[in-house]
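Enquirer: Predicted model follows, preceded by the sequence.
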Amino acid sequence: MELTDIAIKFGLIIVIFLISLVVAMYSTYAERKIAAFFQDRMGPNRAGPGGMFQPLADGMKMFMKEEIIPTNATPFLFIVGPSLAILTACIGSAVIPWGQNFVIGDKIIPLQVTDINVGILYIFGVVSLGVYGVMIGGWASNNKYSLLGAIRAASQNISYEISMGLSIIALLLVTGTLSLGEIAQQQHGWHWNVIYQPVGFILFLVCAFAETNRTPFDLPECETELVGGYHTEYSSMKLGFYLFAEYINMFISSAVMATLYWGGYNYPGMDWVTAHVGPVIGPLIGTAVFFAKIFAFIFFFMWVRWTIPRFRYDQLMDLGWKILIPLAIANIVVTGIVITLLN
Amino acid sequence: MESLSNKKKQLTVKPLNFWERAYLPAIVSGLAITMKHFFKKPVTIAYPDVKREFSENYRGLHSLKRDENGAERCTACGLCALSCPAEAITMQAAERQKGEENLYREEKYAAVYEINMLRCIFCGLCEEACPKEAIYLDGDIVPSDYLRKDFIYGKDKLVEAPLNQ
Amino acid sequence: MSTFYFIAFLSIFFSILVISAKNPVHSILYLILTFFTFTIHYILMNAQFLAIVNFIVYMGAILVLFLYTLMLINLNKESEPVKPFMVKIAAVFGGGILAVALVSSLKSLGVSDPVVLKNPELGLVKNLGKVLFNEFLLPFEVSSVLLLSAMVGAVLLATKDPKEPKVTI
């Protein structure tokens, strides 16, 4: 690998990292603003024009607040918890294809940090690792509410990971590859996987809500029952990291859904556009389309949050084990039969 | 046991049908409702920037009036303090000196006139009790402040601005 | 090769911490780190699928359940059962026999001539799938039956006996 290649990869990583942080930061603002609009309110509008600097003010507040480590907590693990949460949230973006390859001269620059051939499974592993941040933080707080929140998070994540994996298997039957880069390429134009896998997409969507701990599956931080859930004892930027990790997770899972089911950077008529605007602007438009899809998903996450109330715990488990898993298995069987018949 | 009023109704919970149990149609209709609200005009009024119009008989902050020559009308008779159910008003009377005729209308005036805005209930009884038409509750909402002592409004805040200014 | 030695050192280091840690939750956390080093071992051997499955299944699911169970247990020092002396002696004896067996089996294994894979790409998903579903189809399916029987057993344990009178609330 040449030095320029390394420099390009490094730059790409930095840019993606910054973008995910900025998107997460402004997701907090968007969440408050969108919540306000859904409730016929105005939302934050004091800091800057239309409240644009609200995230900066919030971040400032988080940094300035007193840092409290409870006396009976395990200090090292208490700090490891939020660090792990934000770490696992950030490394998920490594395998997502953000756009088509740039071709400058004879050099091909892929807009993907790494195209490992088990890309989906990598995302899956990172997601399953994410629960450790919550669990370790909740346990180290030495608080019953935190512990209950952590336990809820663990059982919820494990339950929904199964149906998520099963819904992905049906998708893999269609695509025949595990690499996210190839999956994105296959959906060229309008051959989006959601057309072939609508049920799989809905299953994946529900599981994505559950894995990111968003409403209606936010039982680990259920205020009415558990005070603050797993982050009851947290304050200052450590609490900020937990909240931030949730928004980064939302961003990454939106990107994954857009890549797997909604065509990634592909859009109808992209060949015509690329032929007319050149090989540099064309991929950039694709990336813009990809981000538009991501933002649409983030908006959907928030839309659902301000519409649907939280599940009861037994309903959550019933949905996961008795409805989603059988549905996902049926989806695999039907997909397999259809593919066999077509070949 | 038989009910006494015969109004007792036996309610039954119908089991949910398939579409109700599928949950997704309900979610979609809920999302449609929230989306309708998304495009509605916000009902909020951004208060300090935009002020709502008060009704004509709204009772807000007190003001001590002046007469047509710019002299204070209040004679410190104490009727307002007497009528005040919340005991928010205190005053100290003083005698008008020579050369102050353009400042105070009568021979007696209020040297100190204080209203505790934390006590005041804005009932308007002081307004009704005043024989000289000196006090009116025609002002704004009492602004917020940090200290309790800052809510005791003296003459500097209550008396209307002089006419010629 | 130096990477291998470093990771191997880490695996052994963390696995020693697993058994020497006083707090069971800490020892589970060390176990997670040990499994993470195993994942790196698999990647070094170019067995990507195995690596990521180890990552998801062992680190992401099984150890979460371990942690889950341990968090629910009261870990106070007083509740720790005091083991009788004979049990300790038996444990040392059993461990010693295991060590002897391991050492003798390692000795009989020719370490000097390392195994060379015929196909270095064997660890990739496609090749692994072909091998599993052609050459080793029967053992693969038998192991799935094993898992199924375990699952049926778990369900059987969890369900209530229908003959028992129902408790009315």
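Expert: Structure's in. What do you need? Residues are numbered from 1 along each chain as shown, chains lettered A, B, ... in the order given.

Enquirer: What residue in chain A comes nearest to chain C?
Expert: Nearest residue of chain A to chain C (C-beta to the nearest C-beta) works out as A:Ser128 at 2.7 Å. Yep, even glycine has a C-beta here, placed from its N, CA and C like the rest.

Enquirer: Excluding chain neighbours, what is closest to that residue?
Expert: Leaving aside its chain neighbours, A:Ser128 sits nearest to C:Gly60 (2.7 Å; criterion: C-beta to C-beta, 6 or more residues apart in numbering or on different chains).

Enquirer: Assumed the one you found was part of a helix.
Expert: Yes: assessed by DSSP: H, G, I helix; E, B strand; the rest coil, C:Gly60 belongs to a helix.

Enquirer: buried stuff in the biggest strand by length in chain B?
Expert: The single longest strand within chain B, with elements called by DSSP state E, is strand B:108-116. Under the neighbour-count criterion of 16 or more other C-beta atoms under 10 Å in any protein chain shown, strand B:108-116 has B:109-110, B:113-116 buried.

Enquirer: what comes into contact with whatever helix or strand comes next after it?
Expert: Moving toward the C-terminus from strand B:108-116, the next helix or strand (DSSP states H and E) is helix B:125-129. With C-beta atoms under 8 Å, 6 or more residues apart in numbering or on different chains as the test, helix B:125-129 has contacts from B:59, B:62, B:79-85, B:89, B:135-137.

Enquirer: who's in contact with the residue nearest to A:Ser128?
Expert: A:124-125, A:127-129, A:131, A:161.

Enquirer: Could you do B:Arg52 as well?
Expert: B:Ile45.

Enquirer: and it, which of the three is it?
Expert: coil.

Enquirer: List phi and psi for it.
Expert: When read as degrees, to the nearest 10, the backbone of B:Arg52 gives phi -80, psi 150.

Enquirer: hang on, the earlier thing: the longest strand of chain B pairs with which strands, parallel or anti?
Expert: Note on strand B:108-116: by DSSP bridges, its sheet partners are strand B:89-95 (antiparallel), strand B:152-153 (antiparallel).

Enquirer: Check the nearest residue to A:Ile183 once chain neighbours are set aside and give its pLDDT.
Expert: Using C-beta to C-beta, 6+ apart and skipping the chain neighbours, the partner closest in space to A:Ile183 is A:Thr175 (5.1 Å). We have a pLDDT of 84 for A:Thr175.

Enquirer: Pull the number of nearby residues for A:Thr175.
Expert: 20 (other C-beta atoms under 10 Å in any protein chain shown).

Enquirer: Can you name the residues that contact the residue positioned nearest the centre of chain B?
Expert: The centre of chain B sits closest to B:Gly60, judged by C-alpha atoms, centre = their mean, with a distance of 4.6 Å. B:Gly60 makes contact with B:54, B:122, B:137-142, according to C-beta under 8 Å, 6+ apart.

Enquirer: could you measure the residue lying closest to it once chain neighbours are set aside against B:Cys120, distance?
Expert: Nearest residue to B:Gly60, sequence neighbours excluded (C-beta to C-beta, 6+ apart): B:Gly139, at 4.4 Å. Distance of B:Gly139 to B:Cys120, computed by C-beta to C-beta, to the nearest Å: 12 Å.
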